[in-house]
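>>> I would like to see how this sequence folds:
(one chain, ligands or ions: 2)
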Amino acid sequence: MKIESIKLFIIKMPLKSPFATHLETVTDRESIIVEITGRDGVQGYGEGVAFSSPWYTEETVKTSYHMLKDFLIPLLEKNPINHPAEATELFSRIRRNHMAKAALETALWDLYAKEQKLSLSSLIGGKVNRIPSGVVVATASLPDAIRQTENYLAEGYRRVKIKISPKNDIEFVSELRKRFPTLELMADANSSYTMKDLNRLKALDEYGLLMIEQPLGHDDIIEHSFLQNELTTPICLDESIVSLDDARKAIQLGSCRVINIKIGRVGGLETALKIHDLCVEKEIPVWCGGMIEFGISRAHNIALASLPGFTIPGDISGSGRYWEEDIIEPEVIVINGHIEIPKEHGIGFKINKKTLIEKTVFEETFRMH
Ligand SMILES: O=C(O)CCC(=O)C1=CC=C[C@@H](O)[C@@H]1C(=O)O
Ligand SMILES: [Mg+2]
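Ligands and ions are numbered 1, 2, ... in the order given. As a prediction, this is how the structure comes out:
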């Protein structure tokens with residue numbers, strides 16, 4: 001893959017409404033956009049999904065930028081690759097920093113698909129023309145959660161994820177279940193429980209949740225296996241799974257019955273594909289998690305979620321869930337609870353250069369020699 005230059009943009013945009021979890025409330029989103037210019041001016045795009053502070057993982061926009069500028073881009077310049085699947089091995093010389101790696105690796109996948117004149121979905125084995133879309137209701141106010149759920153159901157979403165912690169679990173889940181008895185409802189705890197909360201978590205079993213996401217420690221696999229033995233509700237792991245090995249161990253130990261795959265969390269699309277393939281082999285359903293991202297990462301997620309193992313609606317909502325104006329065109333729209341898989345080459349969405357430039361707070365270009 002011939003690379004002429006790599007440009008990094010740091011963009012910043014306010015969310016339409018605050019996204020509140022027990023860990024952090026996100027009101028503004030900064031992300032890194034990676035633009036790789038290849039031969040004949042073909043351009044591939046990736047998005048760094050680390051947040052501005054290290055509340056979800058240890059990475060931030062600043063650590064990712066440092067990794068890209070001082071390590072990953074120089075490494076790629078010195079070691080040209082022929083296929084984006086080679087990037088994971090090349091980047092493995094650098095420890096962790098998965099979101100920084102994924103930002104560059106996904107741009108390589110988009111560039112390669114465009115050079116091959118293929119949609120990214122068809123390049124990686126996508127089998128469907130549309131995917132079901134799930135939405136996240138992230139608020140500490142129960143009336144707000146009810147109102148948001150009503151609004152999103154009216155917009156066509158079929159699966160709703162709420163945020164829970166020992167402060168608001170039974171109250172939220174019981175009230176939402178009462179008002180929406182047949183809703184595909186799931187809950188994300190973002191590690192807000194310990195095994196001491198076993199009885200609280202068992203009490204949630206009676207509400208028919210699709211799953212409880214990441215109830216225990218962000219880097220735990222062992223205790224989740226003890227907890228899954230006690231619950232009828234499936235546990236879904238998110239933060240605990242940062243590698244193919246983690247997925248293998250979690251499945252072997254029975255730590256979860258569902259896995260949330262996030263391209264940024266696992267270091268890139270290549271590893272996401274391998275985790276998907278392992279889960280299909282072990283009959284563990286997967287879904288594509290979200291990172292309150294802009295349209296480039298959302299587009300990569302749509303392609304990933306078109307693979308056969310993605311049988312549960314992911315956190316892939318429309319662009320309008322978070323943004324007044326996205327950086328892609330057309331924007332991602334949800335029709336009857338589904339998102340169409342674009343047929344165009346690469347990620348299948350054009351970059352809205354006007355919005356990208358308007359929202360850019362910093363940019364830097366690296367010429368490949
Ligand atoms: O992107 C979306 O629509 C939802 C994102 C989302 O739920 C999360 C993003 C990042 C951290 C958490 O709050 C949560 C998650 O754990 O999945
Ligand atoms: Mg989660």
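>>> contact partners for whatever residue of the stretch 151-300 of the chain ends up closest to ligand 1?
When scored by CB to the nearest ligand atom, the stretch 151-300 of the chain has residue 290 as its residue closest to ligand 1, at 2.3 Å. In this view, the C-beta of every residue, glycine as well, is placed from N, C-alpha and C. Shown in contact with residue 290 (CB atoms under 8 Å, 6 or more residues apart in numbering): 136, 262, 298, 301, 314-317.
>>> who is the residue of the stretch 51-200 of the chain found nearest ligand 2 paired with across the strands?
Closest residue of the stretch 51-200 of the chain to ligand 2, CB to the ion: residue 188 (4.4 Å). Beta-bridge pairing for residue 188 (DSSP bridges): residue 163, residue 213.
>>> that one contacts residue 210, correct?
No. Using CB atoms under 8 Å, residue 188 makes no contact with residue 210, being 11.1 Å away.
>>> do a quick rundown of the helices in this structure.
Assigned by DSSP state H, the chain shows helices spanning 61-67, 73-78, 87-91, 98-115, 120-124, 142-154, 169-179, 198-203, 222-230, 244-253, 263-266, 269-281, 295-304, 353-358.
>>> quick revisit: among the contacts of residue 290, which ones are in strands?
residue 136 (DSSP state E).
>>> any idea of the mean pLDDT in stretch 91-106?
Averaging pLDDT along stretch 91-106 gives 98.
>>> do that stretch and ligand 1 meet?
No. Using CB under 6 Å from any ligand atom, stretch 91-106 stays clear of ligand 1, with a minimum separation of 11.1 Å.
>>> which ones are touching the nearest residue to residue 197 once chain neighbours are set aside?
Closest residue to residue 197 apart from its sequence neighbours, by CB to CB, 6 or more residues apart in numbering: residue 166 at 5.8 Å. Listed by CB under 8 Å, 6+ apart, the contact set of residue 166 reads 192-193, 197, 200.
>>> quick one: which of these is most hemmed in?
Most neighbours among those, by other CB atoms under 10 Å: residue 193, with 22 neighbours.
>>> quick one: that one and residue 167, what's the gap?
11 Å (CB to CB, to the nearest Å).
>>> so how many other residues sit close to residue 324?
Neighbour number of residue 324 under other CB under 10 Å is 11.
>>> might one say that it is in contact with residue 17?
No. Counting by CB under 8 Å, residue 17 is not a contact partner of residue 324; they are 11.1 Å apart.
>>> could you find the closest non-adjacent residue to residue 254?
residue 225 (5.1 Å).
>>> so who does that neighbour touch?
Going by CB under 8 Å, 6+ apart, the list of residues near residue 225 reads 250, 253-255.
>>> for residue 340, same thing?
When contacts are counted by CB under 8 Å, 6+ apart, residue 340 touches 129-130.
>>> retrieve the pLDDT associated with it.
Looking at residue 340, its pLDDT reads 98.
>>> roughly how far apart are it and residue 306?
Relative to residue 306, and taking CB to CB, residue 340 is found at 10 Å.
>>> what number of residues lie near the residue in the stretch 101-250 of the chain that ligand 2 sits nearest to?
As assessed by CB to the ion, ligand 2 sits closest to residue 238 within the stretch 101-250 of the chain, at 3.5 Å. Neighbourhood size, residue 238 [other CB under 10 Å]: 23.
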